[in-house]
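> Provided below for reference: sequence and predicted model.
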Amino acid sequence: MKSDSYTPINTADAYMKFGDYLQMVKKGPVDLRIFLFNIFQHAPQIVQDFAWPDEYMKGFVKDFLCYL
C-alpha cells in the first residue's frame, strides 16, 4: 500500500515476516523497503561480515546497530 497525503507518515504501510520479505526480493525487484529494522538483533553473528566506517560520526552507526 502506498502512502498519500492523508496517511500518517510515521506508520508502516505493511507488516510481514523478514523471511517473507527476503523471498519477495529473491524473486525480483519489489516496491517495499525496510526502515528501522535492526538485523543485528536477529542475527548478531553477521556483525563480523561488515567493515565499519569509524571515521564517520565517531563510530555512531556501529555503536547504534551493534548494541541495540
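Sure thing, it's come through.

> In the protein, where is pLDDT below threshold?
1-4, 7-10, 54, 56-57, 59, 61-68 (pLDDT under 70).

> which helix is the longest one in it?
If you go by DSSP state H, the chain has its longest helix at helix 18-27.

> Output the next helix or strand after that helix as CSV - backbone C-alpha positions only.
Downstream of helix 18-27, the next assigned helix or strand under DSSP states H and E is helix 39-42. Extracted C-alpha coordinates of helix 39-42, given in CSV (Å, rounded to 0.1, in the frame of the first residue of the first chain):
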residue,chain,number,x,y,z
ILE,A,39,19.1,-7.1,11.6
PHE,A,40,21.9,-7.5,14.2
GLN,A,41,19.3,-8.1,16.9
HIS,A,42,18.1,-11.1,14.9
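
> Pull the distance from the longest helix of the chain to the chain's centre.
13 Å (C-alpha atoms, centre = their mean, to the nearest Å).

> for that helix, packing partners?
Where contact means 3 or more C-beta pairs under 8 Å, 6 or more residues apart in numbering; DSSP states H and E, helix 18-27 is not packed against any helix or strand. Backbone N, C-alpha and C define where each C-beta goes, glycine included.

> burial of Gln48, as a residue count?
When neighbours are defined as other C-beta atoms under 10 Å, Gln48 has 6 of them.

> Is it in a helix, a strand, or coil?
helix (DSSP: H, G, I helix; E, B strand; the rest coil).

> one step back: for the longest helix of the chain, give me every contacting residue.
Val30, Leu32, Ile34, Phe37, His42 (C-beta atoms under 8 Å, 6 or more residues apart in numbering).
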